[in-house]
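Peer 1: have a look at this fold, sequence not included:
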């Protein structure tokens, strides 16, 4: 076995359990196999080990029975929460602007009105976006992302 | 019922007796069948048979030709012998009428 590739074989064998690693590396050394062949043998063994895990019903149940539905529920939860927060914010802004606008109108202080209306428009647009997003199916992935990064 | 490779492995292990371990069994199977026996197939089958209770394995001593690494020793359990016997009997029965079945059945050496 060529010395140069032996560390690679040992590195690949680290994925095996300790006793199995001992036995397999010993067998390969005893058979005097080519280093690359030994590396392939170990990788094949590891692939078989991983594939065997999926013959049981448990990983399928954990993946498609628990993790996948839970992730959908979580995404739906984030969407609803985002919609709720956005609606509450919009309602609050609307009330504030309406009150301020009436007060300022009466006091002839219209200089702040465009700014407030801009804020209200921005909130409204955001709410429209979130509501459309909550109703739409295509943006299901982007809502949680925008919740975190937006 | 055993699979073909499982039967080969058990039979090789029985033939090797106290010297049955991974590399020796692999060599035995390759010599007997003329086919390459991969480490992956060997060790996954050993583990499967041990889970079924047909084999018993333990870590043996290390030798210099193995780079100081321990062997995984293998012993066939009585259930393993029974399963291999059933497989052999089934093959013998189904082969009775075959033109290539030259050996008389029913004369098993215990």
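Peer 2: Everything's here; your move. The structure presented is a predicted model; accordingly, all values stated were derived computationally and were not measured.

Peer 1: chain center to stretch B:63-78, what's the gap?
Peer 2: Computed by CA atoms, centre = their mean, to the nearest Å, the chain-centroid distance of stretch B:63-78 equals 15 Å.

Peer 1: and the contacts of it?
Peer 2: Stretch B:63-78 is contacted by residues A:19-20, A:22-23, A:25-27, A:29-30, B:10, B:13-14, B:20-23, B:25, B:46, B:53-62, B:84 when judged by CB atoms under 8 Å, 6 or more residues apart in numbering or on different chains. Quick note: C-beta positions are derived from backbone N, CA and C, even for glycine.

Peer 1: go again with 7 Å.
Peer 2: A:22-23, A:25-26, A:29-30, B:10, B:13-14, B:20-22, B:25, B:46, B:53-62 (CB atoms under 7 Å, 6 or more residues apart in numbering or on different chains).

Peer 1: make a PyMOL selection of whichever of the residues you listed turn out to be buried.
Peer 2: Buried residues within the contacts of stretch B:63-78, by 16 or more other CB atoms under 10 Å in any protein chain shown, are selected in PyMOL with:
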select buried, (chain A and resi 22+23+25+26+29+30) or (chain B and resi 10+13+20+21+22+25+46+54+55+57+59+60)
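
Peer 1: so of the contacts of stretch B:63-78, which ones are in helices?
Peer 2: Residues of the contacts of stretch B:63-78 located in helices (DSSP state H): A:22, A:23, A:25, A:26, A:29, A:30, B:10, B:13, B:14, B:22, B:25, B:46.

Peer 1: for residue 26, which non-adjacent residue is closest in space?
Peer 2: As the question left the chain open, I've gone with chain A. Excluding its sequence neighbours, the residue lying closest to residue A:26 (CB to CB, 6 or more residues apart in numbering or on different chains) is residue B:69, at 3.2 Å.

Peer 1: try chain B instead
Peer 2: Looking at residue B:26 with CB to CB, 6+ apart, the closest residue is residue B:37, at 4.9 Å.

Peer 1: who's in contact with the one you found?
Peer 2: With CB under 7 Å, 6+ apart, residue B:37 has these contacts: B:26, B:29, B:30.

Peer 1: what does the helix or strand that the second one is a member of contact?
Peer 2: Element membership for residue B:29 (DSSP states H and E) is helix B:22-33. Contacts of helix B:22-33 with the rest of the structure, by CB under 7 Å, 6+ apart, involve A:23, A:27, A:30-31, B:8-9, B:12-13, B:15-16, B:36-37, B:42-43, B:71-72, B:74.

Peer 1: show the buried residues in those.
Peer 2: A:23, A:27, A:30-31, B:8-9, B:12-13, B:16, B:37, B:42-43, B:71-72, B:74.

Peer 1: which secondary structure elements does the helix or strand encompassing residue A:92 sit against?
Peer 2: According to DSSP H and E, residue A:92 maps onto helix A:68-107. Applying 3 or more CB pairs under 7 Å, 6 or more residues apart in numbering or on different chains; DSSP states H and E, we find helix A:68-107 packed against helix A:113-135, helix A:142-149.

Peer 1: strand partners (parallel or antiparallel) of the worst-scoring helix or strand of chain B on mean pLDDT?
Peer 2: Least confident helix or strand, chain B: strand B:55-63 with a mean of 91, by mean pLDDT, DSSP states H and E. Here strand B:55-63 is paired, per DSSP bridges, with strand B:69-76 (antiparallel).

Peer 1: tell me which residues in the helix or strand following the partner strand are buried?
Peer 2: Downstream of strand B:69-76, the next assigned helix or strand under DSSP H and E is helix B:78-95. Buried residues in helix B:78-95, counted by 16+ other CB under 10 Å: B:80, B:83, B:84, B:87.
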